[in-house]
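Novice: Task: produce atomic coordinates for the following.
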Amino acid sequence: MGVFTYEDEVTCSIPLAKMFKAGILDFDNLIPKIMPQAIKCVEILQGDGGPGTIKKIHFGEEIDAIDKENFTISYTVIDGDILTGGIESIFHELKVVGSGDGGCIYKNISKCHTKGDAQVCEGHVKSGKEEALALFKAIEAFVSAHPDEY
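Specialist: Residues are numbered from 1 along each chain as shown. I've put the predicted structure just below:
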C-alpha cells in the first residue's frame, strides 16, 4: 500500500468558532440544505457524531477524532465513488485556525492510501480540492448571509 499526501488551505472572513460550528459540527444538517446537488442527506450508520461515528454521505466516512476546543477533526473516507483508481481510503485532518484579522483559515492534510502500487493521479487531487473549495465557499456564503444562526 502506498500513501500520497497533499495539503491545502483556504482563508475566509468568518470568525473561527462560527466556521468550525457551521462547517464541521453542523455539516450533516447544513450541507444538504445549501448544496443539495452535492449532498442530499447524511445518515449516521453508527455512533453519536463523535469519534468512531460512521456516516453515509454518498460515501462512507468514519470520524477518527474531534476536538472542539482546538477546532480540529480527523476522519477517514472508507467507502464510495470517491475511492476510485486504486484508492483504498482517504484520511483527512482538518484544522480551523484564526487568521489574525477576525477571520479563519481551514488547513487540510489528506492522505490517500492506495491499493498495492497504484498511483494517485493529479486529476483526482485537483478534482477533490475543487469540490472541497466549493463546499467551503458555500458554507462561508451561508454563514455570511445568516450571521445569527451560528
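Novice: Report pLDDT for Ala38.
Specialist: Ala38 is assigned a pLDDT of 67 by the prediction.
Novice: With just CA atoms, put the top helix by length along the chain into CSV.
Specialist: Determined from DSSP state H, the single longest helix within the chain is helix 122-145. C-alpha atoms of helix 122-145 as CSV (Å, rounded to 0.1, in the frame of the first residue of the first chain):
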residue,chain,number,x,y,z
GLU,A,122,-3.2,14.7,-10.3
GLY,A,123,-6.7,15.0,-11.8
HIS,A,124,-8.1,13.2,-8.8
VAL,A,125,-6.3,15.5,-6.4
LYS,A,126,-7.4,18.6,-8.4
SER,A,127,-11.0,17.5,-8.5
GLY,A,128,-11.0,16.8,-4.8
LYS,A,129,-9.6,20.2,-4.0
GLU,A,130,-12.1,21.9,-6.2
GLU,A,131,-15.1,20.1,-4.6
ALA,A,132,-13.8,20.9,-1.1
LEU,A,133,-13.4,24.6,-2.1
ALA,A,134,-16.9,24.7,-3.5
LEU,A,135,-18.3,23.3,-0.2
PHE,A,136,-16.2,25.7,1.9
LYS,A,137,-17.3,28.7,-0.1
ALA,A,138,-21.0,27.7,0.1
ILE,A,139,-20.6,27.4,3.9
GLU,A,140,-18.9,30.8,4.1
ALA,A,141,-21.6,32.4,2.0
PHE,A,142,-24.4,30.9,4.1
VAL,A,143,-22.8,32.0,7.4
SER,A,144,-22.2,35.5,6.0
ALA,A,145,-25.9,35.7,4.9
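Novice: Buried residues in the helix or strand hosting Glu88, which are they?
Specialist: Element membership for Glu88, per DSSP states H and E: strand 87-98. By neighbour count with 16 or more other Cβ atoms under 10 Å, strand 87-98 contains the buried residues 87, 89-97. To be clear about C-beta, it is placed using only N, CA and C from the backbone, and glycine gets the same treatment.
Novice: so how far is that strand from its chain's centroid?
Specialist: Centroid separation for strand 87-98 versus its chain: 7 Å, with Cα atoms, centre = their mean, to the nearest Å.
Novice: what's the answer for stretch 118-125, then?
Specialist: Here stretch 118-125 is found 19 Å from its chain centre; the criterion is Cα atoms, centre = their mean.
Novice: Buried residues, that stretch. List them.
Specialist: Neighbour count says stretch 118-125 has 118, 120, 124 buried, by 16+ other Cβ under 10 Å.
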